[in-house]
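**Q** I'd like to go over a predicted model; first the sequence, then the structure.
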Amino acid sequence: MKVYFCGSIRGGRDDVHVYRRIVHALQSYGTVLTEHVSSAELSDRGQRSHTENSYAHMNKVVVAEVTQPSLGVGYELGRAVDMKKKIFCLFRPSSGRILSAMIRGATDVENFVVRDYSKDEVEKVLEQFFKSRD
Ligand SMILES: O=c1[nH]c(=O)n([C@H]2C[C@H](O)[C@@H](COP(=O)(O)O)O2)cc1CO
């Protein structure tokens, strides 16, 4: 299985350690096409625009960490909905943030799941999501 992971870049890299952990866990389910998003070497100034290339490879499952607000992640999710991908969004309420109603409310869209979680639940929530898809 190919998994497309989304996480904030220009929106801020504060959660990169969480992205790393998510990508690591995702690699036990398949190939993560966008592993670079979780790289500590990628700063908020980094990465050129290659959105179209990324989308050409976007596969069935899209996993997004949405705690750190990011225009790019929101854009990717909108595109993924349009492309009828299965989407799993992860949000950490402990951040003190309130998730965009556009994302929270999108759970009404078929195949769009938003899951509140804490850092120590990464592996568990991913396992539950992938099991429910079997
Ligand atoms: O050039 C790019 N190409 C691209 O596909 N992205 C994607 C990867 C991330 O999941 C997301 C991050 O968006 P942003 O940089 O606006 O926080 O957008 C982000 C950039 C850089 O902003």
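**A** Looks like it arrived, so ask away.

**Q** Do you have the strands of this structure handy? List them.
**A** 2-6, 31-32, 61-65, 86-91, 112-116 (DSSP state E).

**Q** Export these to TSV and append columns for distance to Glu127 and mean pLDDT.
**A** Just so you know, the C-beta spots here come from the backbone N, C-alpha and C atoms, and that holds for glycine as well. Converted to TSV, these look like this (distance: least, Cβ to Cβ, whole Å; pLDDT from 0 to 100):
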stretch	distance to Glu127	mean pLDDT
strand 2-6	14	96
strand 31-32	16	96
strand 61-65	13	97
strand 86-91	12	97
strand 112-116	12	97
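
**Q** out of those, nearest to the ligand?
**A** Nearest to the ligand, of all those, is strand 2-6, at 3.6 Å by Cβ to the nearest ligand atom.

**Q** export that closest one as PDB, just CAs?
**A** Only the C-alpha atoms of strand 2-6 are listed here, as PDB (Å, rounded to 0.1, in the frame of the first residue of the first chain):
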ATOM      1  CA  LYS A   2       1.100   3.500  -0.700                       C
ATOM      2  CA  VAL A   3       0.400   6.200   1.900                       C
ATOM      3  CA  TYR A   4       0.600   9.900   1.300                       C
ATOM      4  CA  PHE A   5       1.600  11.800   4.500                       C
ATOM      5  CA  CYS A   6       0.800  15.500   5.000                       C
END
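
**Q** Just the buried residues of that strand, please?
**A** Val3, Tyr4, Phe5, Cys6 (16 or more other Cβ atoms under 10 Å).

**Q** ditto for stretch 60-72
**A** Quick answer for stretch 60-72 (16+ other Cβ under 10 Å): Val61, Val62, Val63, Ala64, Glu65, Val66, Thr67, Gln68, Ser70, Gly72.

**Q** Identify the residues contacting the closest residue to the third one other than its chain neighbours.
**A** Counting by Cβ to Cβ, 6 or more residues apart in numbering, Phe88 is the residue found nearest to Val63 once chain neighbours are left out, at 4.9 Å. Residues touching Phe88, when contacts are defined by Cβ atoms under 8 Å, 6 or more residues apart in numbering, comprise Val61, Val62, Val63, Ala64, Val113, Arg115, Phe129.
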